[in-house]
Each structure stands twice: as C-alpha cells, then as structure tokens.
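Asker: Output the structure for:
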Amino acid sequence: MEIYFGKDNTPFDLDFHPSNNIVATCLITGDLFLYRYAAESPLESVLEVKAHTESCRALRFVNEGRAVVTGSLDCSILATDIETGTAIARIENAHPDPVSRIVNLTESTIASGDDEGCIKVWDTRQRSCCNTYSVHTDYISDMTFASDSMKLLATSGDGSLSVCNLRSNKIQSQSEFSEEELFSVVIMKNGRKVICSTSSGNILLYSWGFFKDCSDRFVDLSGNSVDALLKLDEDRVITASENGIISLVGILPNRIIQPIAEHSTAVERLAFSHDKKFLGSISHDDTLKLWDMEDLLKVSTTNQSASSDCDNDGMDLDDSIPKSSKGTKRKNGTKGQNLGNSNNFFADL
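Answerer: Alright, predicted model coming up:
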C-alpha cells in the first residue's frame, strides 16, 4: 500500500490510530492527511486539512485517537478533531523555535521538542505546559519514554542523549557530546539498553544508568546515516537509512539480519500499526508506504536471535550533565516571545 503526495511534497511524520485502522501523516506543505487501511486494499482518504501555513513537522494521536496534535515550523501546535477536521485548539507560540518532534507519554501527557533543544511536557488534565527542559543546544531529533521510571529520553543534533526525570522535574543526565548527530532513540533489552542512531551510520548502545558514554558501538551497519529506529522486540530493531533501505537488525549480538523494505531515497520515520500487523514508512521520495509485517518477517524467521544480553549494569547512577562544546546555532529572537497562551492549549480537548 502506497500514497504518492507529489513532487517535493515531503512527509515529515506519521502515526497510527491507537485502536482503529487509520494512519496519519503531515507534509512540508502544512497539510495533514488521514487514511484508512486494510490488507490487500488501497489506502482510503479519510481526512485532508490545511493544518499549518508552514511545514507540519510532527504529529501524534491524542485523546484516545479522537484528535491529532501537530507541530509546525511556525512554532505553533494544533489539535484537530479527526471526525470533522475542525481545529479544537491552537497555540501560536507553543515553543520559542520551530517544533521538531512530538511524542506521547501517558494517557494525559505529551512532550514536544524544538529546533533549539527545548523540551516541553504538556498535561492534558491540568490543561497546561507543566514543565520545560532546556538541555540541548540543537534540534530535538527524537524522544522516547520509560513509563516505569518516568524518564523522558531525547536525542539531539548536538550529538548528545539526555534523560529528564518527570517525577522530580529535573534533567537527570546527559551524555558526552559526540561528533555525530543523534537521530533516533529506542529502549531495548528489557530496559537495560538505550539504542541511538547517528548521522555517520553507526548505532550507539548505552547501558541504563550509565549515560555519560556509550558502552558499545555497532559500526558496520551502514555507510549512510541511520535516520530512524523502530523497536520490534527486545532483541531486534528496524532501521531506516539515508539510502532508503529498511533493515531488520539484531542487538547484542549486533548483526544485520536482512533488508526488509526499501524507498528510493532517505526514510524520515517509521511506525507500527496498533496491532503491529503493518509497518508504516515515510520518505523523501514523497511517499507513505505500508508494509505487511507478516510478509516482511517470513524470510527472517529462521534468523531470529536466541541470545540474550547478560549485561548487569546498575540503574540510575550517572547524574552528570556535561557542557556542550557545540551549539553554534543562534536562537531566532523574533519568535516565541509571547508564551502567555500556552497554558490553555488543552482547554478544549
């Protein structure tokens, strides 16, 4: 299943509905698209709205799938009703800089990151931005949430990984600054390993609680940047590279199991459907593709890793936060000076 949006209509993010067969994606044009999918059937358009006047760069389903939250280059965040396509709420200055990433945390909280490394946590019950973390000096490329410990992990273009403690509302830890940009992050090995992809094509492995420096590197993965990671299970991750190749990769032992799908150029994001029957991918070839996971994994079933990581590192021991040697980009002082309306963003959700 595939949708071509037209030349230079690049999709920047995608997300699947938490319970229905609906996928959402957002484009450089500011448009938001929703499609209904089914096995061996073409994608059916459900909704098309002009969400933002500038590029729409991040999105997530919220409120049990009744709304989609999008973030834009114009620094705004919008909540859109998926049934009617109408705007539920919009905040024009959600961040002082363009929004680069949005992720779900709990049923009532989301996090957003921007181009200058600022992370905000939004509480939908209190209808407010409940905390701001200014930890990075470059764009937030990805975030993931460890729900058991209430830790929000983020990667950045400044080459570092950060850990924010949502219970104490503090920046708990930050890694040393790598010469490589970090593009994506997942938690694996039952919470004992954090995996980050890089602009050089390497994968960095951090032991939980020891975030200052990586404990292992997977250096033979790709000669191209690894732009996206998606956890399949505790031992395998799906990677997407700048050359358009989507691969199944084993972690500890580190090995390329096999390529499983392909775009003609760089893949921007990956996501699973709510039942994990479909893999979604978006690319700079201006397409959204849905792949049947059963078909993708047929050939690799005999290659599944039976090994386990016996690393027994401790937990939450590294609280050091280094100072960046990077961060040469300067903030745009013309944006985001008035944040007064940000606390009312979720008032109508």
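Asker: In a helix, residue 294, correct?
Answerer: Yes: counting by DSSP: H, G, I helix; E, B strand; the rest coil, one finds residue 294 located in a helix.
Asker: Next one: it from residue 42, what distance?
Answerer: 19 Å (CB to CB, to the nearest Å). To be clear about C-beta, it is placed using only N, CA and C from the backbone, and glycine gets the same treatment.
Asker: Please apply the same query to residue 31.
Answerer: 19 Å.
Asker: more crowded one of those two?
Answerer: Set residue 31 next to residue 42 and count neighbours by other CB atoms under 10 Å: residue 31 wins out with 18 against 11.
Asker: Okay, and the beta partners of that one?
Answerer: residue 50 (DSSP bridges).
Asker: okay, now residue 275: neighbour count?
Answerer: 10.
Asker: helix, strand or coil for it?
Answerer: Going by three-state DSSP: residue 275 is coil.
Asker: Phi and psi next, for it.
Answerer: Backbone torsions for residue 275, taken as degrees, to the nearest 10, come to phi -100, psi 10.
Asker: Pretty sure residue 258 sits against residue 250.
Answerer: No: between residue 258 and residue 250 there is no contact under CB atoms under 8 Å: 10.2 Å.
Asker: So if I had to pick from the two, which one is more boxed in?
Answerer: More crowded of residue 258 and residue 250, by other CB under 10 Å: residue 250, with 19 against 13.
Asker: For residue 190, see how far away that one is.
Answerer: 16 Å.
Asker: Could you pull up the residues touching residue 204?
Answerer: Residue 204 makes contact with 161, 178, 182, 195, 196, 197, 198, 214, 216, 217, 218, according to CB atoms under 8 Å, 6 or more residues apart in numbering.
Asker: which of those are buried?
Answerer: Burial by neighbour count, judged by 16 or more other CB atoms under 10 Å, picks out 161, 178, 182, 195, 196, 197, 198, 214, 216, 218 from those.
Asker: In this structure the last one contacts residue 252, no?
Answerer: Same thing as residue 218. No: Residue 218 lies out of contact with residue 252 (CB under 8 Å); the separation is 9.4 Å.
Asker: Overlap of the contact sets of the two?
Answerer: Common neighbours of residue 218 and residue 252, counting by CB under 8 Å, 6+ apart, are residue 205.
Asker: helix or strand for the residue sitting nearest the centre point of the chain, which one?
Answerer: In the chain, the residue lying closest to the centroid (CA atoms, centre = their mean) is residue 142, at 4.4 Å. In the assignment (DSSP states H and E), residue 142 maps to strand 140-146.
Asker: Residue 274: how many residues sit nearby?
Answerer: Residue 274 is flanked by 16 other residues according to other CB under 10 Å.
Asker: quick one: pLDDT of it?
Answerer: Note for residue 274: predicted pLDDT of 97.
Asker: That one reaches residue 23, doesn't it?
Answerer: No: between residue 274 and residue 23 there is no contact under CB under 8 Å: 10.0 Å.
Asker: Give me the common contacts of the two.
Answerer: Counting by CB under 8 Å, 6+ apart, the shared contacts of residue 274 and residue 23 are 16, 17.
Asker: low-scoring stretches of the stretch 101-250 of the chain, by residue?
Answerer: Residues of the stretch 101-250 of the chain meeting the criterion pLDDT under 70: 124-125, 127.
Asker: Let me see the ranges of the strands in it.
Answerer: Ranges of strands in the stretch 101-250 of the chain, per DSSP state E, counting those that start in this stretch, are 109-114, 118-123, 128-134, 140-146, 151-156, 161-165, 170-174, 182-188, 193-198, 203-207, 216-218, 226-231, 236-241, 245-250.
Asker: buried sites along the second one?
Answerer: Going by neighbour count (16+ other CB under 10 Å), the buried part of strand 118-123 is 118, 119, 120, 121, 122, 123.
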